[in-house]
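>>> The following comprises the amino acid sequence and a computationally predicted model.
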Amino acid sequence: MAVPAQMGSVTDNPFWIVWSDGHRSKYSWQRLRMACPCAHCKGEWTYRPDPLTEKDVAPTIRAMSLTRVGAYALRFTWMDGHDTGLYPFPLLRHEICECDECVARRASEPSPR
Ligand SMILES: [Zn+2]
Ligand SMILES: [Zn+2]
């Protein structure tokens, strides 16, 4: 599993991570907040809220602090007080990376019928 070798700070915009496999990821704060994988945002069991959209998250949202959780995730404390989301590295590296390469790859993947 790729792990962050270098990371931006909460004052960087966009936020960025350079991975141990050499991949350079970047993330807009708003999309990062929208992708929060915690039970409150994404649901669990029978609780399935609507996914967060641009309407739910202020375009100016930023994280106030971030911490590395063990060997597998990052945790952000957001300006809106939210801090329960643990972002596993595979999510950050493969699913929500906004670098040109990943954006192009996701756009070219066949959509499920
Ligand atoms: Zn959340
Ligand atoms: Zn990428």
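Perfect, I can see it now. Ligands and ions are numbered 1, 2, ... in the order given.

>>> CA only for contacts and neighbour counts going forward, please
OK.

>>> For stretch 41-49, buried residues please.
Neighbour-count burial for stretch 41-49, counted by 16 or more other Cα atoms under 10 Å, picks out 41-42.

>>> Output that stretch as PDB, restricted to C-alpha atoms.
Extracted in PDB, the C-alpha atoms of stretch 41-49 (Å, rounded to 0.1, in the frame of the first residue of the first chain):
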ATOM      1  CA  CYS A  41     -21.600  11.700   6.200                       C
ATOM      2  CA  LYS A  42     -21.700   8.400   4.400                       C
ATOM      3  CA  GLY A  43     -24.000   6.400   6.600                       C
ATOM      4  CA  GLU A  44     -23.800   2.800   7.900                       C
ATOM      5  CA  TRP A  45     -26.200  -0.100   8.100                       C
ATOM      6  CA  THR A  46     -29.700   1.200   7.500                       C
ATOM      7  CA  TYR A  47     -28.800   4.900   7.800                       C
ATOM      8  CA  ARG A  48     -28.000   6.100   4.200                       C
ATOM      9  CA  PRO A  49     -27.900   9.900   3.900                       C
END
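
>>> Chain neighbours aside, what residue packs nearest to Pro14?
Excluding its sequence neighbours, the residue lying closest to Pro14 (Cα to Cα, 6 or more residues apart in numbering) is Ser28, at 5.0 Å.

>>> what do you get for Ala73?
Leaving aside its chain neighbours, Ala73 sits nearest to Pro88 (4.0 Å; criterion: Cα to Cα, 6+ apart).

>>> dump the residue contacts of that neighbour.
Pro88 sits next to 72-74 when contact means Cα atoms under 8 Å, 6 or more residues apart in numbering.
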